[in-house]
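J.: Okay, here's the prediction I keep looking at, along with the sequence it came from:
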Amino acid sequence: MSLIVQKYGGTSVANIKKIRTVAERVIELHKAGNQMVIVLSAMAGQTDMLTDMAKAIIEDPEPRELDVLLSTGEQVSVALFAMLIKSMGYDACSLLGFQAEIHTSHLYGKARILDINNNRILDELRKNRIVAVAGFQGIDEYGDITTLGRGGSDTTAVALAASLKADICEIFTDVDGVFTTDPNICKKARKLSEISYDEMLEMSSMGAKVLEIRSVEFAKKFNVPIHVRSTFTEEKGTMVVEETQDMEKVMVAGVAYNKNEARVTIKKVPDHPGVASQIFEPILEAKIIVDMIVQNTSEDGFTDMTFTVAKSDFNATMDVLQDVADRIGAAKILGDKDIAKVSIIGVGMRSHAGIARKMFHVLAGENINILMISTSEIKVSCVIEEKYTELAVRELHKAFELNDEKGTKK
Ligand code: ADP
Ligand code: ASP
Ligand code: MG
């Protein structure tokens, strides 16, 4: 008997027919003697629809109320799923974040899971019930509902798998697994049979939304094996696991892109000690997460500072920076939302030279201007104009020999 945690994404539970298919799949495994904990996302499009409803009232809805609203999407899914299971003659229990005692930080919209008290879930499993837990939500120290950020149901699933010491955590989605790049923009993407936690961390943080980054952090920290696979087939997908020696032989494992960032520049900042902290302190206070940072070489005692933030934080960043610029005497602030970041990722980079150079060469060959560059041990990222994203991804995918020339991808 195994304890299995499965998570089904929005497209997998998009309507009653699809939820029934999920229920049938779960019942088969339950009948085979496994204990089943099922994490569900909101039905496809619901989280966006709820966000739009809030924004129809006010551009920046109050975060506490927005979380109360957004968490209802997952509530609908688990209730319908439990009803379906029962209508099929088996027992089930739906649990919302607070009932499953998923305790989070007090940060609406971006809360972190701090601790899970799994007694209730274990109780329900002992009663031979299939347990359906609402993804993406938890409860903070004040008893208020929080949400974990977009894609957060992946994190709920992996955190539950870690807490329950599940034998496996299966993430069911609308593609067959983790591919060398997004199969929806590159027909020649190849499904990977396995990928290391570190590569998956970089892929997720560089924009591959197939797994939310925090879910991978949890998996790595608690050594939870994740199986990413399709809801619509029985085929094996991709295992996210500890690094093996074979993985080092591949120079680049994947290409990722992110169109959700914006770039801001503060021009002519007086260059003296403490100035970076004067710029970034208020940004941190506004709970804005900064990604790439570049400071130009100083000229005549002045420098330019450029960095990227999430597009959703762009307006707030510009507001904060306007104040900062006035205070520190910077010349002006420039903002650009039409950018994208393309990245190549692979643990093999540690032992192969010349990979960044090759990436720059490929982009130059397509006449794509590089606006910013950042590197880590296993990743190179370039910020480019957004309109070139798909072209850059396809060309890099080809140049690093990732193309599936047989066209086996379905
Ligand atoms: P779910 O609703 O099941 O959580 P998501 O839409 O969050 O699904 O994630 C699945 C999507 O991730 C795919 O449809 C695909 O477009 C995208 N994706 C981006 N990069 C990759 C990749 N490297 N491998 C697989 N899918 C990817
Ligand atoms: N429903 C949330 C979203 O659309 C969480 C999730 O699906 O993982 O982002
Ligand atoms: Mg997702």
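T.: Right, received. Where do you want to start? Ligands and ions are numbered 1, 2, ... in the order given.
J.: Leu396 and Val255 touch, don't they?
T.: Yes: look at Leu396 against Val255 with C-beta atoms under 8 Å: they come within range, at 5.0 Å. To be clear about C-beta, it is placed using only N, CA and C from the backbone, and glycine gets the same treatment.
J.: residues from the stretch 101-250 of the chain in reach of ligand 1?
T.: Residues of the stretch 101-250 of the chain found near ligand 1 (C-beta under 6 Å from any ligand atom) are 151, 173-175, 178-179, 181-184, 203, 208-210.
J.: can you tell me which of those are in helices?
T.: Taking DSSP state H, the ones among those that sit in helices are Met203.
J.: Reformat the residues of the stretch 101-250 of the chain next to ligand 1 as TSV; add neighbour count.
T.: Formatted as TSV, those follow (neighbours: other C-beta atoms under 10 Å):
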residue	neighbour count
Gly151	21
Thr173	24
Asp174	16
Val175	23
Val178	31
Phe179	27
Thr181	27
Asp182	20
Pro183	21
Asn184	10
Met203	30
Ala208	22
Lys209	17
Val210	23
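J.: Return the member of the residues of the stretch 101-250 of the chain next to ligand 1 nearest to Asn119.
T.: Among these, Gly151 lies closest to Asn119 (C-beta to C-beta), at 27.4 Å.
J.: So the closest one versus Val158, what's the distance?
T.: Distance of Gly151 to Val158, computed by C-beta to C-beta, to the nearest Å: 12 Å.
J.: same deal with Asn369?
T.: Counting by C-beta to C-beta, the gap from Asn369 to Val158 is 38 Å.
J.: got the contact list for Glu62?
T.: If you count contacts by C-beta atoms under 8 Å, 6 or more residues apart in numbering, Glu62 has none.
J.: what about Leu396 and Val255, which has more around it?
T.: Val255 (32 against 26; other C-beta atoms under 10 Å).
J.: So for Asn369 and Val158, which residue has more residues nearby?
T.: Comparing Asn369 with Val158 by other C-beta under 10 Å, the one with more neighbours is Val158, at 31 against 11.
J.: contacting residues for that one?
T.: Applying C-beta under 8 Å, 6+ apart, the residues contacting Val158 are 5, 169, 215-216, 218-219, 224, 226.
J.: can you rerun that using 6 Å?
T.: Taking C-beta atoms under 6 Å, 6 or more residues apart in numbering, we find Val158 in contact with 169, 215, 218-219, 224.
J.: got it, and Arg350?
T.: Contacts of Arg350 were listed using C-beta under 6 Å, 6+ apart, and they are Glu377.
J.: between the contacts of Val158, which is closest to ligand 3?
T.: The nearest member of those to ligand 3, counting by C-beta to the ion, is Ser215 at 9.1 Å.
J.: thinking again about what came up before, mind listing the shared neighbours of Leu396 and Val255?
T.: What both Leu396 and Val255 touch, as defined by C-beta under 6 Å, 6+ apart, is the set Ile344.
J.: Closest residue of this protein to ligand 1?
T.: Gly9 (1.8 Å; C-beta to the nearest ligand atom).
J.: I'd guessed that residue sits against Thr173; true?
T.: Yes: at 4.7 Å, Gly9 and Thr173 qualify as touching, with contact defined as C-beta atoms under 6 Å.
J.: pLDDT value on the closest residue to Gly135 other than its chain neighbours, please?
T.: On the basis of C-beta to C-beta, 6 or more residues apart in numbering, the spatially nearest residue to Gly135 that is not a chain neighbour turns out to be Ser153, at 2.6 Å. With respect to pLDDT, Ser153 scores 98.
J.: And the residue of the stretch 51-200 of the chain that's closest to ligand 2?
T.: For the stretch 51-200 of the chain, C-beta to the nearest ligand atom, closest residue to ligand 2: Ser153, 3.2 Å.
J.: which one among the contacts of Val158 gets closest to ligand 2?
T.: The closest of the contacts of Val158, once distances to ligand 2 are taken by C-beta to the nearest ligand atom, is Ser215, at 9.2 Å.
J.: count of neighbours near the closest one?
T.: Neighbour count of Ser215, defined by other C-beta under 10 Å: 28.
J.: Helix or strand next in line after the helix or strand hosting Ile373, which one?
T.: Assigned by DSSP states H and E, Ile373 belongs to strand 372-376. Reading on from strand 372-376 to the C-terminus, the next helix or strand found by DSSP H and E is strand 379-385.
J.: Just the buried positions in that following strand, please.
T.: In terms of neighbour count (16 or more other C-beta atoms under 10 Å), strand 379-385 has its buried residues at 379-384.
J.: I'd like the next helix or strand past it.
T.: Sequence order places helix 389-399 as the next helix or strand after strand 379-385, per DSSP H and E.
J.: For that next one, enumerate the helices and strands it packs against.
T.: Judged by 3 or more C-beta pairs under 6 Å, 6 or more residues apart in numbering; DSSP states H and E, the packing partners of helix 389-399 are strand 254-258, strand 339-345, helix 355-365.
J.: go again using 10 Å as the cut-off
T.: Contacts defined by 3 or more C-beta pairs under 10 Å, 6 or more residues apart in numbering; DSSP states H and E place helix 389-399 against strand 254-258, strand 339-345, helix 355-365, strand 379-385.
J.: If I follow the layout properly, Met49 ends up in contact with Met43?
T.: Yes: using C-beta atoms under 10 Å, Met49 is in contact with Met43, at 9.5 Å.
J.: where does the stretch 101-250 of the chain have low pLDDT?
T.: Counting by pLDDT under 70, the stretch 101-250 of the chain contains no low-confidence range.
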